[in-house]
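K.L.:
Test case, fold it:
(2 chains, ligands or ions: 2)
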Amino acid sequence: MQTGKILGISGPTVSVDLKGLKLYERVFVGHGLLTGEVVRLERSHAVIQVYEETRGLGVGEPVKGLGMPLTVRLGPGLIGGMYDGLQRPLERMRKEMGPFIRVWKEMYGLDYMKRWDFIPSVKPGDELQYGMIIGEIQEGAFKHYLMCGSEQGTVARIASGDISLDEPFGEFTGGLEIPGCHEWPVRMPRPYRKKFAPVTPLVTGQRIIDFLFPLARGGAAIIPGGFGTGKTIFEQSVAKFADVDIVVYVGCGERGNEMADLIAEFDELEDPWTKRRLRDRTILVVNTSNMPVAAREASIYTAVTMAEYYRDMGYNVLFLADSLSRWAEALREISTSLEEMPGEEGYPTYLASRLSSFIERAGVVETMNGRIGSLSMILSVSPPGGDFTEPVTQACLRTTGAFFMLDTSLAHRRHFPAINWFQSYSLYAGDLSEHYCREVAPEWEELRRRCNQILQQEESVREVAEIVGIEGLQDADRLVMRVAERIRTEFLGQNAYSDDAFSPPDKTLVLIRSIVEYHDRAAERLKQGATLDEAMKGEQ
Amino acid sequence: MRLSEHTYRTISTIAGPLLFVKRVQAARIGEVVRVVMPDGRSTDAEVLEIDGETVLVEVYGTTQGVDIEKTTVTFTDAIKKVPLSPEIIGRIFNGSFLPKDGAPLFIPEKWMPLTGAPMNPAARARPADFIETGITAIDGLNTLVRGQKLPIFSCAGLPSKEVVAFILRNARLAQADRSFVVVFAALGLTFHEYSFYQRVLDEMRTGFVAFVNMADEPVMERLLAPRFALTVAEYLAFEKNMDVLVIITDMTNYCDALREISTAREELPGRRGYPGYMYSDLASLYERAGRIRDRDGSVTMLPVVTMPEDDITHPIPDLTGYITEGQIVLSRELHQKGVSPPVDVLPSLSRLMQKGIGEGRTRADHRNTANHLYKYYAKGRDLRRLEAIVGRDGMTKADLPMLDFADAFEQEIIGQGAARRTVQESLDAGLVLMKKYSLEVK
Ligand SMILES: Nc1ncnc2c1ncn2[C@@H]1O[C@H](COP(=O)(O)OP(=O)(O)O)[C@@H](O)[C@H]1O
Ligand SMILES: [Mg+2]
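P.N.:
Numbering: from 1, shown residues only, chains lettered A, B, ... in the order given. Ligands and ions are numbered 1, 2, ... in the order given. All right, here's what the predicted structure looks like:
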């Protein structure tokens, strides 16, 4: 291992005189062995982005290159865990250092002492290649398929039964060990054989999404909105109710209390699909706004790599990040301290390309071991001043397939989820409607058309009303206003603090069908000469 | 590593609060530096940036009197720490932690770093204990809980002081045996404002600690005073098990100080000239509110933000709202209508309300009553716009009560005047009003 020393320090970046470093190599900085990553190389020095608080760091302190990039450890035991942006287990940190994070120290995300029961699926003589499954472990409710890492060869010996990650799981001919876990560089997408177009729905349990702007497994959506418009509640609701196997939730640069709340709830609540504890299908990565900025930048990569790992076993994984804007701001802070040329709003010019290559990690894939897994993403975005023309929202719009636009005026009148039904869209809707019509009800698509139509009619009727007054409207138009109001409040609105927080597709269907049918019957009675009151009465 | 002090007389540049010092050995980021001027006065400073042997130092006080030739700079090898003791209660300090009340400094039982350390999210207890402020717009509709950070968004000339004073006088914890200790940080206050607060604090039966930086005192102190206040608050809350209410006023002065100093550092300006790291910087203050598992104390924070140009999308209220757990928004329009306190409940929000209300906490019907009040008031406000266009005659019979309800709601429910209401009284007032206008509560 090479060592050198610190030449200068500015915010989260440090310049060092270490020779022979590679770009993105991981480095230990200072006496406290702070984790850093090489972000720029020059003839005379290297610049390192430090993932921890640099306060107290001095020039002249030693630095060591580790010869490999920033990685996460992948193996059984990640599910149910809660990690910081560098995959350090927060619960263990709390036990060892108390409630405040005063010193940062190296801690692994995996528990190497825990005992597992390993059932091998390969035998001596088998040829192992990258990504192939060597056996399984029961990790909570999941079969955790252990996959061959970068060490490959012919199996000479394979373990079986009681084992911990500290022990070899077998041996290749030639003596190389077969490990039970491996490290993967967070900034490198894990490979797969092939990618498919996303065509099956990811049911979120949120009516406005599933019915109007459906998301596909393997798809990516953004939910941008000003503060208080409901990004976090939406992300958390989807984390609770989505029809997926595993959820990876990243609290990126947001509130600590919010995360405390989430943890407590996930311990108490159950997954409505499997009736198992929510915690047991969730991995949390938390780098709150007051934790170091560079680790915030890394947190989404740490999380997505864990998500890909479970995707590679053939699971449907949902990746939720709240908020992507805080990641972008961390990127900006680092870029500023590197004195890079700023682009729009001070963000580095590579913001859009970084974002798009990150979002491309979503998808439905055939994994290296021939299974089909999916990784879907819902990313919240916090535009300054609630103005959607800003760079992060705009860059995301170019790579994601669905846009759930939060509307401050809806939030102020407490219409939640405050997703605007005119401006939002889902590019997956066309492909998914067939699926919903087949699996839920044949009239799904027709009801969707009617629902949109009534909402649109309300909009034009409202314009007329502003001229002639409501009393001056035709009865049929006033009926449309009443029905549209029902759609908005009873159907699109969904209170996250009530039993209605989760709406499975059949419930969604029943609700909208009853409102549309109510409209049609009342309209029919109007035609036959009933007054508006009479026409609407017959119903309630 | 050095283990002792080093003194230099090698200042190369002085620019505003910043000094460049040359040929310094082994400085550390955040290290406290003592700057002694030729006339013997001294001021503390801190290492900001290091480039080889050149060190950028930021002075806490004023650089007036610092020269290049004779001023000495001593690197102390220590990080800025705050002296602490239970005896701090009842004391008033300036923004550099010097006593302002004439008494000598207490003997510290402990020192803690000024910047604090991030609370491990896994160690947080979720805030859920109701605090009764006596204000209906808060207790009934945007409930405050122990460990929450809930700013007051005001506009120039609106009575934010009076709202804060009302809360200081009236806030009660649900647990009868506990009461608040107030830590008060005044940033860039005018003498007029300060004397108002001083009267309020003097009347308080429970203790307080104050850090006061006046409008004509060093700008750098505006960045320090809230950190002193929060370090003291954390100490009282988590080491002495007290419930601490931190009032910081005015965060707009804090942010302007941050901008001023950032400009002096020649940093790249962000939106409206505020630095790009303002979100993280504000978070390093606001996130110090909270509760810890297995400990009784709490830090609850009520910062005051004056929205420049009454604009809620201005970076200061915007970034604040993105970090805090809601906001109480004062409205010029309501103030002009004579509503006191002039809280506009539509843009106001308490994100932690749901955990603090309901059966066994406030009242079983709390959520439902609040939801209905919101619904009818929001509808009434919409109808007001319509009424302005088509007139009262163009409205339907069903809509008229809601229109009238909105007015009564502002005058009677929000505009409670100087009287304190219990949460029961607040909710009942709402129910009575809805009944009066025949608005259905499901
Ligand atoms: N689906 C919902 N049902 C009820 N209330 C909601 C819902 N979504 C949001 N809210 C309300 O809005 C507040 C702000 O939501 P949050 O998700 O924290 O906003 P953001 O993350 O966009 O700032 C919540 O505290 C809650 O009171
Ligand atoms: Mg949020």
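K.L.:
Show me what from chain A comes close to ligand 2.
P.N.:
A:231-232 (Cβ under 5 Å from the ion). C-beta coordinates here come from the backbone N, C-alpha and C atoms, glycine included.
K.L.:
where does chain A have low pLDDT?
P.N.:
A:1, A:538-540 (pLDDT under 70).
K.L.:
Can you give me the end-to-end span of stretch A:20-39?
P.N.:
The straight-line separation of the ends of stretch A:20-39 (Cα to Cα, to the nearest Å) is 14 Å.
K.L.:
ugh, wrong one, stretch A:73-80
P.N.:
Termini of stretch A:73-80 sit 15 Å apart (Cα to Cα).
K.L.:
Now do the helices for the stretch 101-250 of chain A: every range, in order, please.
P.N.:
Secondary structure of the stretch 101-250 of chain A (DSSP state H, counting those that start in this stretch): helices located at A:207, A:231-241.
K.L.:
same deal with the stretch 51-200 of chain B?
P.N.:
Going by DSSP H, counting those that start in this stretch, the stretch 51-200 of chain B shows helices at B:136-139, B:160-170, B:191-203.
K.L.:
Any idea how far apart the tips of stretch B:182-202 sit?
P.N.:
Terminal-residue distance, stretch B:182-202 (Cα to Cα): 12 Å.
K.L.:
buried set for it?
P.N.:
Neighbour counts over stretch B:182-202 (16 or more other Cβ atoms under 10 Å in any protein chain shown) mark B:182-189, B:193-194, B:196-197, B:200-201 as buried.
K.L.:
returning to that earlier point: among the helices of the stretch 51-200 of chain B, which is nearest B:Arg34?
P.N.:
Closest to B:Arg34 of the helices of the stretch 51-200 of chain B, according to Cβ to Cβ: helix B:191-203, at 29.4 Å.
K.L.:
Identify all contacting residues around that closest one.
P.N.:
Applying Cβ atoms under 8 Å, 6 or more residues apart in numbering or on different chains, the contact partners of helix B:191-203 are B:161, B:164-165, B:168-169, B:182, B:184, B:186, B:189, B:208, B:210, B:212, B:214-215, B:249.
K.L.:
number of nearby residues for the residue of the stretch 251-400 of chain B found nearest ligand 1?
P.N.:
Nearest residue of the stretch 251-400 of chain B to ligand 1 (Cβ to the nearest ligand atom) works out as B:Arg351 at 3.6 Å. Neighbour count of B:Arg351, defined by other Cβ atoms under 10 Å in any protein chain shown: 24.
K.L.:
coming back round to it: among the helices of the stretch 51-200 of chain B, which comes closest to ligand 1?
P.N.:
Short answer: helix B:136-139, nearest of those by Cβ to the nearest ligand atom, at 14.2 Å.
K.L.:
Please tell me how far stretch B:171-180 is from the chain's geometric centre.
P.N.:
Stretch B:171-180 sits 21 Å away from the centroid of its parent chain (Cα atoms, centre = their mean, to the nearest Å).
K.L.:
cool, stretch A:191-201 as well?
P.N.:
17 Å.
K.L.:
buried residues in that stretch?
P.N.:
Buried residues in stretch A:191-201 (16+ other Cβ under 10 Å): A:192, A:198, A:200-201.
K.L.:
Tabulate those (CSV), appending distance to A:Ile246.
P.N.:
Formatted as CSV, the buried residues of stretch A:191-201 follow (distance: Cβ to Cβ, whole Å):
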residue, distance to A:Ile246
A:Tyr192, 17
A:Pro198, 17
A:Thr200, 16
A:Pro201, 17
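K.L.:
In chain A, which residue sits nearest chain B?
P.N.:
A:Gly469 (2.1 Å; Cβ to the nearest Cβ).
K.L.:
How about the contacts made by that residue?
P.N.:
A:Gly469 neighbours (Cβ under 8 Å, 6+ apart): B:386, B:390-391, B:393-395.
K.L.:
Counting residues, what is the longest helix that the chain contains?
P.N.:
Chain wasn't specified; assuming chain A. helix A:444-468 (DSSP state H).
K.L.:
Chain B is the one I meant
P.N.:
Max-length helix for chain B by DSSP H is helix B:366-390.
K.L.:
And the contacts of that helix?
P.N.:
A:412-414, A:465-470, A:497, B:140-141, B:143, B:345-346, B:354, B:357-358, B:394-395, B:399, B:402-407, B:409, B:413, B:423, B:427, B:430-431, B:434, B:437, B:439, B:441-442.
K.L.:
Can you tell me the closest non-neighbouring residue to the closest residue to ligand 2 within the stretch 101-250 of chain A?
P.N.:
Nearest residue of the stretch 101-250 of chain A to ligand 2: A:Thr232, at 3.2 Å (Cβ to the ion). Leaving out its chain neighbours, the residue that sits closest to A:Thr232 by Cβ to Cβ, 6 or more residues apart in numbering or on different chains is A:Asp322, at 5.5 Å.
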